[in-house]
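Novice: Requesting a structural model of the entry that follows:
(2 chains)
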Protein chains: 2
Amino acid sequence: MARTRDHAPSQRATIHQAAARAHYDQDILYPLIDAAIIGTVAIVQDGQPIAIPMAIARLEDHIYLHGSRTSRLMQHLAAGHELCISLTHLDGLVVARSGMHCSANYRSAVVHGRGQVVEDEVEKAQRLHDIVEALIPGSRGDFREHLPKELKATTLIAVSLAEAACKIRTGEPNDDKDDLDLPYWAGVIPIERQYGEPIPAADLSTAVATPAYALHYPQRA
Amino acid sequence: MARTRDHAPSQRATIHQAAARAHYDQDILYPLIDAAIIGTVAIVQDGQPIAIPMAIARLEDHIYLHGSRTSRLMQHLAAGHELCISLTHLDGLVVARSGMHCSANYRSAVVHGRGQVVEDEVEKAQRLHDIVEALIPGSRGDFREHLPKELKATTLIAVSLAEAACKIRTGEPNDDKDDLDLPYWAGVIPIERQYGEPIPAADLSTAVATPAYALHYPQRA
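Specialist: Have a look, this model is predicted:
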């Protein structure tokens, strides 16, 4: 996916509905992924669609998915079948004078591709640390090293971001002109994600202070 | 789906991975859906998985999806093809002493089924009002009536909740016993959704006060 582009990278990644809200730029896609923690991964199994929430992390030009080697989903992804990853940030409820014009403000992304297994053990260990750092920025070094059995039990999958699309709605309700003077409220109820005070584990030694990365988890919508 | 049950309603709705976190009760599923505003709808098109975010609302024992009659997705759903709806509430980041035990607290649901078009115009108009009320509780009556052309342009789909599963993680990190005395922090960074002060539309008459439903939008995680 190009840093900036004004057209879809493929047929299936083309947004037709409300096409004015479509974006195909890396510069828009990557921050959207980086602000997400969970995405929904869709696959086709026995001809049926399956959609499962998973932790997602972007490292360079790929989204990484990880999970147990024994999971059916990870085995399916590891086999290189087609997948689709969708993520959404909900930014507000849009209330119009008519129910039909009620809407939501959101930033969403859809990625089409196939998984590629990270086989190299050194790369895999490194990427898994990088994923934790991507999801919990500033935490690097505050964990013990991976154990060989953990690495063996984990499947790590990279999905290229070459084929993706974003859709974004912002701003005001789009009421019909005829409705503007009706005595009904219209506007936006903003929504944001809030990160609370970190809660230390019950079995944490009192000698371990709460680190800055937990106290100041960066706002991610 | 039964009000309470301890087993999956079908083979494909059975959770194998971390099965202790699985729930198949209506009493758990319905509040999870009601707390959601957006779900991810997965379909199979030309053999490929497609996952698209959509507004979801539960009315009785169905999730309702609505959209433009001209949209390819709505046409696919209206044709009765298999679909899968997934939704996730992210409640916290779980930080362990090892990267591999880092996790997330979440409440998720996955629904398998097929769409059924609501054809009856009276029922459709009523359901569309009910959907707005489900998404913006207390707003009923603060909208003009649907126009015939709006109803005609909208496809409304009901999906039975008979085949669904929930997966929930709560609480502390699950560190290895050997790691408990390591000098690394462990705990939970809580996450919640926050609803801001309503922003009236720029073209709203000053005679229209902000209604209670917007000022006190009920907390939905």
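Novice: Now the single longest helix found in chain A: buried residues?
Specialist: Of all the segments of type helix in chain A, defined by DSSP state H, the longest one is helix A:121-135. Residues A:124-125, A:127-135 are the ones in helix A:121-135 that count as buried (16 or more other C-beta atoms under 10 Å in any protein chain shown). Using the backbone N, CA and C atoms, a C-beta is placed for each residue, glycine as well.
Novice: what helices or strands is it leaning on?
Specialist: Other elements packing on helix A:121-135 under the criterion 3 or more C-beta pairs under 8 Å, 6 or more residues apart in numbering or on different chains; DSSP states H and E are strand A:57-59, strand A:62-68, helix A:148-153, strand A:154-160.
Novice: quick one, which of the ones you listed is nearest to chain B?
Specialist: Comparing those against chain B with C-beta to the nearest C-beta, the closest turns out to be helix A:148-153 (4.5 Å).
Novice: Give the rounded mean pLDDT of the closest one.
Specialist: Throughout helix A:148-153, pLDDT has a mean value of 97.
Novice: how about it: buried residues?
Specialist: Neighbour-count burial for helix A:148-153 [16+ other C-beta under 10 Å]: A:150-151.
Novice: Same question for stretch A:138-158.
Specialist: A:139, A:142-144, A:146, A:150-151, A:154-158.
Novice: Show the overlap between those and what lies near chain B.
Specialist: Residues of the buried residues of stretch A:138-158 in contact with chain B (C-beta under 8 Å from any C-beta of the partner chain): A:139, A:142-144, A:146, A:150, A:154.
Novice: Tell me which of those fall in helices.
Specialist: In this view, these that belong to helices under DSSP H are A:Glu150.
Novice: Kindly indicate which of the ones next to chain B among the buried residues of stretch A:138-158 lies nearest B:Ala35.
Specialist: Using C-beta to C-beta, A:Ser139 comes nearest to B:Ala35 of those, at 28.8 Å.
Novice: contacting residues for the closest residue to that closest one other than its chain neighbours?
Specialist: Once flanking residues are discounted, A:Ser139 sits nearest to A:Tyr213: 4.7 Å by C-beta to C-beta, 6 or more residues apart in numbering or on different chains. Listed by C-beta atoms under 8 Å, 6 or more residues apart in numbering or on different chains, the contact set of A:Tyr213 reads A:136-139, A:142.
Novice: how about low-confidence regions in chain A?
Specialist: Counting by pLDDT under 70, chain A shows low-confidence ranges at A:1, A:220-221.
Novice: show me where it has strands.
Specialist: Listed in chain order, the strands of chain A (DSSP state E) span A:22-23, A:38-45, A:48-55, A:57-59, A:62-68, A:82-95, A:103-117, A:154-160, A:164-169, A:187-195, A:199-200.
Novice: Would you pull up how far the first one lies from the middle of the chain?
Specialist: To tie it back to what came earlier, the one meant is strand A:22-23. Here strand A:22-23 is found 16 Å from its chain centre; the criterion is C-alpha atoms, centre = their mean, to the nearest Å.
Novice: one step back: for A:Ala207, which of the helices and strands packed on helix A:121-135 is the nearest?
Specialist: Closest among the helices and strands packed on helix A:121-135, using C-beta to C-beta: helix A:148-153, at 25.7 Å.
Novice: Name the surrounding residues that touch that closest one.
Specialist: Residues external to helix A:148-153 that are found in contact with it (C-beta under 8 Å, 6+ apart): A:68-70, A:121, A:124-125, A:128, B:98, B:100.
Novice: again, but for stretch A:114-132
Specialist: A:55, A:57, A:59, A:64-66, A:77-78, A:80-83, A:139-140, A:143, A:145-146, A:151, A:154-160, B:99-100, B:102.
Novice: most remote residue from chain A's center?
Specialist: In chain A, counting by C-alpha atoms, centre = their mean, A:Asp181 sits farthest out from the average C-alpha position, at 39.8 Å.
Novice: For it, give its distance to A:Ile28.
Specialist: 36 Å (C-beta to C-beta, to the nearest Å).
Novice: Who are the contact partners of the residue lying closest to A:Asp25 once chain neighbours are set aside?
Specialist: Counting by C-beta to C-beta, 6+ apart, A:Asp25 lies nearest to A:Thr4, which is 4.8 Å off, once chain neighbours are set aside. Applying C-beta under 8 Å, 6+ apart, we find A:Thr4 in contact with A:25-27.
Novice: For the buried ones among those, write the corresponding ChimeraX selection.
Specialist: Command for ChimeraX that selects the buried part of the contacts of A:Thr4, burial taken from 16+ other C-beta under 10 Å:
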select /A:26
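Novice: need the contacts of A:Thr4 in a markdown table with distance to A:Pro190, can you?
Specialist: Conversion of the contacts of A:Thr4 to a markdown table gives the following (distance: C-beta to C-beta, whole Å):
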| residue | distance to A:Pro190 |
| --- | --- |
| A:Asp25 | 25 |
| A:Gln26 | 27 |
| A:Asp27 | 24 |
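Novice: of all the contacts of A:Thr4, which comes closest to chain B?
Specialist: When those are compared for distance to chain B (C-beta to the nearest C-beta), A:Asp25 wins out at 19.1 Å.
Novice: Surely that closest one touches A:Arg3?
Specialist: Yes: contact criterion C-beta atoms under 8 Å: A:Asp25 and A:Arg3 qualify, at 6.7 Å.
Novice: what bridges to A:Leu93?
Specialist: A:Ala104, A:Ile189 (DSSP bridges).
Novice: Distance check, the nearest residue to A:Arg72 once chain neighbours are set aside against A:Leu73.
Specialist: Closest residue to A:Arg72 apart from its sequence neighbours, by C-beta to C-beta, 6+ apart: B:His16 at 6.6 Å. Going from B:His16 to A:Leu73 by C-beta to C-beta gives 9 Å.
Novice: and what of A:Ile157?
Specialist: Taking C-beta to C-beta as the measure, A:Ile157 falls 10 Å from A:Leu73.
Novice: and what of A:Asp176?
Specialist: A:Asp176 is 45 Å from A:Leu73, by C-beta to C-beta.
Novice: Between the two, point out the one with more neighbours.
Specialist: Taking other C-beta atoms under 10 Å in any protein chain shown, A:Asp176 and A:Leu73 do not tie; A:Leu73 has more neighbours (20 against 15).
Novice: Would you mind listing the residues in contact with that one?
Specialist: Counted by C-beta under 8 Å, 6+ apart, A:Leu73 has contacts A:41, A:43, A:50, A:52, A:54, A:67, B:17.
Novice: residues contacting the second one?
Specialist: Residues near A:Ile43 by C-beta under 8 Å, 6+ apart: A:49-50, A:52, A:73, A:76-77, A:81-84, B:49.
Novice: was I right about A:Leu93 contacting B:Leu135?
Specialist: Yes: applying C-beta under 8 Å, one finds A:Leu93 in contact with B:Leu135, separated by 7.1 Å.
Novice: what touches both of the two?
Specialist: Counting by C-beta under 8 Å, 6+ apart, the shared contacts of A:Leu93 and B:Leu135 are A:102, B:37.
Novice: now the contacts of A:Tyr213 in TSV, with distance to A:Ala109?
Specialist: Shown next, in TSV, are these (distance: C-beta to C-beta, whole Å):
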residue	distance to A:Ala109
A:Ile136	21
A:Pro137	20
A:Gly138	24
A:Ser139	24
A:Asp142	29
